[in-house]
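S.K.: only the shape, not the letters, is given here:
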């Protein structure tokens, strides 16, 4: 449950779009903009209310139409930040008319940018598109690289809001490239964060971390606290999704320390994120303080995305604490804002609502809503959102007894989960190995330089030796003296060469040790200490290629019975203890050649090579017997048992490893259906298992 909530948290963090950060016009250079207005729009250490009052005074005092128009634009930004929607659109109409009458192309372009941003922010996408089209026309008439960057960026924001991630990435990348060529500084940092956000939504976590770290450095170089806070927040959520909760929390706390008075929306998001981090670490009382504070600030702001974010987080917290009625009330309050948020945010809100409703029990209506959410996530192309939706759909199908559909959905979830996990692990290893390879290359280049110097010394010695022979006895003493110094120099060079070779050997050993450590981290389950899913997939592939011809290997899938009840009654610490103990018991009961790994959640998988059907069943029965004893925890006993599904390799019945795993999974389903705490052998006819319509759930 906590892992799913963490994933939902990663998605929810992008609900609240920061209007000020998205406009970027406060940083742009416009010749007709008065200096006082430019300074006011860039001010961050005052509240939006104070800035709004100053802009109003400046606007009323302006005698020149151009100055009044620019003051109106500043006032629009502050009214929008204060969520004064009616006043914002009245001012926008005034600015539109004024910018058409005043012959200032830069004022007109800035006004169109404000119209595009505000309408995108308020989900008036047709009006936003119209403003962007007028910006394109003006650019065609008066090309300007800085204006083109603004257009590309705001097109990317609209495309991201519509779920057109590929198009949005292209727009942001074009803007970033133009900013790199012109040393964009904070502009570039903001653009990189927009790119990293898209990488995170599509499962490219490592790429997202790299991009956000570059953005963080640029923001720090420019001393821009707003962008520093945004970069740190995005990094914190990404590291939390990579199971590094401690580092993620550090980033979030540092981000909160960078918040300025005007940056209220970022403060709301960060406060909620800290609450979720504490919830994931089961520090529920501390989490409640932060989440309640986020709810209060969101309600004061009146911003629909902020309220959806905060209410959904409160629902998550109440659900984990076992308060279903409270969780339902909060998610229902968030649902009231459904029509005021973007398309992707609507899909995410639907997922949160289905997850809360399904916690009380699966219904056909809830399953229908979940499938609609899954279809919408796939249409958006958001792989992280799709993975979360698949998980909810599979649980609901299983809860309604549709084992066949649940199997298909779970298989799709496992495939997507496998792709994302392999991407993260592979990129981590690749980055570290590249760093070590670079150090190795530098050392080798230094060794080549030293060897070249030694060769030069040898040639010099030979040349002087010839001169000594020709010069005769008179020069012999001088030559011998010179040779003495040269030989000593060579010895020093040789000593340096040996030292460098020793250093290279040490680096090589460090590389091997690091590679072994990385491989161990990438293939070991952190909780139980046994092989993880990635490692077991490799074992399965190798066993398949070695033994499929003579069916001399078996696959055993294990599921702990009623594990959810253990978590609900005794707590997640007890659940973790049962998982560790189960791994230890089964490992002790299995033969040495058997390979045991954690498949996911409360599921384990066993591969036994060089075995026949009878021995495979004996091995599975021995492992089952080892689990059928209560665990001691906090002076109490926790009963435990497991259901086992056994599948032998069969070249006639199985086409690949996925079929082999599926056969064991079907046998496991039958074991759970027939009462749990038993061993079942996979049926030769797959249709026998797929016809199951019920399955016991924990």
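M.R.: Looks like it arrived, so ask away. Please read all numbers here as calculations on a predicted model, not as lab measurements.
S.K.: I'd like the next helix or strand past the helix-or-strand element of the chain with minimal mean pLDDT.
M.R.: Using mean pLDDT, DSSP states H and E, the weakest-scoring helix or strand in the chain turns out to be helix 19-23, at a mean of 42. Using DSSP states H and E, the next helix or strand after helix 19-23 towards the C-terminus is helix 35-42.
S.K.: just checking, next helix/strand downstream of that next one?
M.R.: helix 48-61.
S.K.: list the buried residues for the next helix or strand after that following helix?
M.R.: Remark: after helix 48-61, the chain's next helix or strand is helix 65-81, criterion DSSP H and E. When burial is assessed from 16 or more other C-beta atoms under 10 Å, helix 65-81 yields the following buried residues: 66-81. Just so you know, the C-beta spots here come from the backbone N, C-alpha and C atoms, and that holds for glycine as well.
S.K.: quick one: residues contacting the nearest residue to residue 678 once chain neighbours are set aside.
M.R.: With C-beta to C-beta, 6 or more residues apart in numbering as the criterion, residue 678 has its nearest non-adjacent residue at 5.1 Å, and that residue is residue 671. Counting by C-beta atoms under 8 Å, 6 or more residues apart in numbering, residue 671 touches 643, 644, 645, 678, 679, 680.
S.K.: hmm, try it at 10 Å
M.R.: 557-559, 561, 620, 624, 642-646, 677-681, 696 (C-beta atoms under 10 Å, 6 or more residues apart in numbering).
S.K.: now, those residues that are in strands?
M.R.: 557, 558, 559, 642, 643, 644, 645, 646, 679, 680, 681 (DSSP state E).
S.K.: burial measure for the fifth one, as a count.
M.R.: One way to gauge burial is a neighbour count; for residue 643, by other C-beta atoms under 10 Å, it gives 26.
S.K.: could you do residue 607 as well?
M.R.: 23.
S.K.: again with residue 505
M.R.: 10.
S.K.: same question, residue 269
M.R.: Neighbours of residue 269 (other C-beta under 10 Å): 29.
S.K.: how near is it to residue 591?
M.R.: Distance of residue 269 to residue 591, computed by C-beta to C-beta, to the nearest Å: 53 Å.
S.K.: tell me the mean pLDDT over the helix or strand where the residue nearest to residue 678 lies?
M.R.: Assessed by DSSP H and E, residue 671 sits inside helix 657-673. Across helix 657-673, the average pLDDT comes to 94.
S.K.: just stretch 403-412 next, same as before
M.R.: 86.
S.K.: now do stretch 230-247
M.R.: On average, stretch 230-247 scores 81.
S.K.: list the buried ones in it?
M.R.: 230-242, 245.
S.K.: what's near enough to touch the nearest residue to residue 599 once chain neighbours are set aside?
M.R.: Excluding its sequence neighbours, the residue lying closest to residue 599 (C-beta to C-beta, 6+ apart) is residue 605, at 4.3 Å. Residue 605 is in contact with 530-531, 533, 536-537, 539-540, 555-558, 595-599, 645, 661, 664-665, counting by C-beta under 10 Å, 6+ apart.
S.K.: can we see that at 6 Å?
M.R.: Contacts for residue 605 (C-beta atoms under 6 Å, 6 or more residues apart in numbering) come out as 536, 557, 597, 599.
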